[in-house]
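1. coords please:
(4 chains)
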2 protein chains.
Amino acid sequence: MPVNIAIVDDKASNRSIIKDKLLRHTIFEVSLTAENGKDFLDKMKILPLDKLPSVVLMDLEMPEMDGVDAVAAGSYLYPTVKFVMLTIFDDEEKIFKAIKAGAFGYLLKDESAENIAEVLIQMHENGVGPISPGIAHKILQLVQNNTISLIQKHIPEKDKTPFNLTEREQEILKLLVHGMQYKEIGNQLQISPNTAKKHVLNIYAKLHVNSKAQALALAYEKGLI
Amino acid sequence: MPVNIAIVDDKASNRSIIKDKLLRHTIFEVSLTAENGKDFLDKMKILPLDKLPSVVLMDLEMPEMDGVDAVAAGSYLYPTVKFVMLTIFDDEEKIFKAIKAGAFGYLLKDESAENIAEVLIQMHENGVGPISPGIAHKILQLVQNNTISLIQKHIPEKDKTPFNLTEREQEILKLLVHGMQYKEIGNQLQISPNTAKKHVLNIYAKLHVNSKAQALALAYEKGLI
DNA sequence: TTGCCTATAATCCATTTGGATAAGACGGTA
DNA sequence: TACCGTCTTATCCAAATGGATTATAGGCAA
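-> Okay, the predicted model is just below:
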């Protein structure tokens, strides 16, 4: 089966150059091209499932909606899709934000323009996000400059079952937190949506809230997730 | 002129394997081998200046003095020397500590054992610290897991409104995030609940989501709040 | 065995939400 | 002036949600 790729870049010439490079390899199929983040998200919505790209090559600097925002929304809406930033830009903050937003890889155009296809093939084989040496080096420097710090997260042992939620309820809370609705939760857990709803209402009672939004707010603020 | 390399590993077999690999290239000269951090520092002290290694390949796990400590001391005493960690170990914290201590590169043995020499040559040419894809990927994950955070520097940060939300919309998103419903939002802002709803729907459109729960999830996960 | 808790499921009903659409007021800009 | 974007309000309708209640089955403990 072919590997579907999406290309998002505001310059038509860039899009066609990359497309040409990829299409030289018969494994790749370019199922979507877009000229900015908004255009990309719009087109993703109406894309048939079998055309869903497994990799999105995304420029960072674009009008209307830039790469960072597009990755943020895209990686949330399509968790299975891998976003690889492909840009000439090596600004520290951009790098960091894009990664934070959910970028799976980060390539500098001039470093990898020649062998994008090869990089993608490798990535497909070993599942490891591609990073240009230049970017990796930049990250090392950020760490050494104390611009980045490792957050020590020690999990407080004591509250294992917050609010006396049962295991099932915690399981459901996790799904709830991802914005799923009853149908989807039921689907995911192979139970009736009615049951899913019952669990959710039970959770509300234990958390002393009465809406999804409130439950999510509480869950996030108290770090139940 | 030859490039002097130091090899620090507690296993004699590892040392000789690496040494052999390097010596196949005539540019390299192995001017020092040591079996742990302390041994390395001791030998560095009595090394003639012209034998000073420009690169040190250093194992992480060693008795007496491990790689992290050795790099910390070594990079301080010999600032021109580049330390490349070479280990099978991919523990997050070790990676981070070693980088922090001053590691210039970080290679996983199994990923690069075959072409250590090539990697070093590249590094010598472009001055960029080598990082195994596996390690780079791990760092990406650390960033995404919020295990690492960017320390906000004084940067004037053109506070770009995420997703092109208007001020009013951001204001409303903040209330939304507290689990408020249209009525309450309208009440709070002294506007009609209908208007509040309109704003919320506009926000959905910009975030490309279609429910409060999804909007909250996105807002929290991407740190829009 | 009896009782309690949990997970499962369903039904009824009122409220809230999401989606589409229209339209007026206001400020800034071409 | 004419146009555009933002904020404001409204209405209609369909779908999802919240609340209350009932019921069955399994596991576990007194």
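
2. looking at chain A, which helix or strand does the model trust least?
-> strand A:148-150 (a mean of 56; mean pLDDT, DSSP states H and E).

3. Once you drop chain neighbours, what's closest to the residue nearest the centre of chain A?
-> Central residue of chain A (Cα atoms, centre = their mean): residue A:75, 2.3 Å from the mean position. Leaving aside its sequence neighbours, residue A:75 sits nearest to residue A:102 (Cβ to Cβ, 6 or more residues apart in numbering or on different chains; 3.1 Å). The way it works is simple: take the backbone N, C-alpha and C, and place the C-beta from them, glycine included.

4. dump the residue contacts of that neighbour.
-> A:71-72, A:74-76, A:83, B:144, B:222 (Cβ atoms under 8 Å, 6 or more residues apart in numbering or on different chains).

5. Just those residues: which are in strands?
-> Judged by DSSP state E, strands contain the following of these: residue A:83.

6. Confidence-wise, which of the contacts of residue A:102 comes last?
-> Across those, the smallest pLDDT goes to residue B:144, namely 68.

7. Nearest spatial neighbour of residue A:26, chain-adjacent residues omitted?
-> Closest to residue A:26 by Cβ to Cβ, 6+ apart is residue A:2, at 7.8 Å.

8. Which strands or helices does the helix or strand hosting residue A:139 pack on?
-> Here residue A:139, judged by DSSP states H and E, is contained in helix A:133-144. Counting contacts by 3 or more Cβ pairs under 8 Å, 6 or more residues apart in numbering or on different chains; DSSP states H and E, helix A:133-144 packs against helix A:92-101, strand A:105-108, helix B:92-101, helix B:133-144.

9. Strands of chain A, start to end?
-> Listed in chain order, the strands of chain A (DSSP E) span A:3-8, A:28-34, A:55-58, A:82-87, A:105-108, A:148-150.

10. would you list those in a markdown table and tack on mean neighbour count and distance to DNA strand D?
-> Output for those, formatted as a markdown table (neighbours: other Cβ atoms under 10 Å in any protein chain shown; distance: least, Cβ to the nearest atom of the strand, whole Å):
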| stretch | mean neighbour count | distance to DNA strand D |
| --- | --- | --- |
| strand A:3-8 | 23 | 22 |
| strand A:28-34 | 19 | 20 |
| strand A:55-58 | 26 | 24 |
| strand A:82-87 | 25 | 26 |
| strand A:105-108 | 24 | 30 |
| strand A:148-150 | 19 | 34 |
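
11. do you know which of these lies nearest residue B:214?
-> strand A:82-87 (18.6 Å; Cβ to Cβ).

12. okay, the angle between that closest one and helix A:133-144?
-> Calculated by axes from the mean of the first three to the mean of the last three Cα atoms, to 10 degrees, strand A:82-87 forms an angle of 100 degrees with helix A:133-144.

13. what's the most distant pair in the contacts of residue A:102?
-> Within the contacts of residue A:102, A:74 and B:144 form the most distant pair, 14.2 Å apart (Cβ to Cβ).

14. ok, the two, which is more surrounded?
-> residue A:74 (25 against 17; other Cβ atoms under 10 Å in any protein chain shown).

15. what residues are up against the more buried one?
-> A:37, A:40-41, A:44, A:56, A:81, A:83, A:102.

16. how about the residues you listed in a markdown table, adding distance to residue B:193?
-> Below are these laid out as a markdown table (distance: Cβ to Cβ, whole Å):
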| residue | distance to residue B:193 |
| --- | --- |
| A:37 | 31 |
| A:40 | 33 |
| A:41 | 28 |
| A:44 | 32 |
| A:56 | 38 |
| A:81 | 36 |
| A:83 | 37 |
| A:102 | 34 |
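
17. Which of the residues you listed sits closest to residue B:28?
-> residue A:83 (39.1 Å).

18. Could you list which residues are in contact with the closest one?
-> A:55-56, A:58, A:71, A:74-75, A:102-105.

19. Tell me the buried residues in the helix holding residue A:139?
-> Within helix A:133-144, the residues scored as buried using 16 or more other Cβ atoms under 10 Å in any protein chain shown are A:133-140, A:142-144.

20. one step back: ok, and of the contacts of residue A:74, which contact DNA strand C?
-> By Cβ under 7 Å from any atom of the strand, no member of the contacts of residue A:74 lies near DNA strand C.

21. of those, closest to residue B:126?
-> If you rank these by distance to residue B:126 using Cβ to Cβ, residue A:83 comes first, at 26.5 Å.

22. burial count for residue A:168?
-> 14.

23. ok, back up a step: just the closest of the contacts of residue A:74 to DNA strand C, please.
-> Nearest to DNA strand C, judged by Cβ to the nearest atom of the strand, of those is residue A:41 at 14.1 Å.

24. still on that earlier bit, now render the buried residues of helix A:133-144 as a markdown table, adding distance to DNA strand C.
-> Below are these laid out as a markdown table (distance: Cβ to the nearest atom of the strand, whole Å):
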| residue | distance to DNA strand C |
| --- | --- |
| A:133 | 43 |
| A:134 | 38 |
| A:135 | 37 |
| A:136 | 40 |
| A:137 | 42 |
| A:138 | 37 |
| A:139 | 38 |
| A:140 | 43 |
| A:142 | 38 |
| A:143 | 40 |
| A:144 | 44 |
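
25. of those, closest to residue B:10?
-> Of the buried residues of helix A:133-144, the one sitting nearest to residue B:10 (Cβ to Cβ) turns out to be residue A:140, at 25.0 Å.

26. That closest one and residue B:104 touch, don't they?
-> Yes. With contact defined as Cβ atoms under 8 Å, residue A:140 counts as touching residue B:104 (7.5 Å).

27. ok, what's across the strand from residue A:4?
-> residue A:29 (DSSP bridges).

28. how about the residues of chain A near DNA strand D?
-> A:181-183, A:197-198, A:200-201, A:204, A:210-213.

29. on contacts alone, who are the packing partners of the longest helix seen in chain A?
-> Ranked by residue count under DSSP state H, the longest helix found in chain A is helix A:193-207. Counting contacts by 3+ Cβ pairs under 8 Å, 6+ apart, helix A:193-207 packs against helix A:167-177, helix A:182-189, helix A:212-221.
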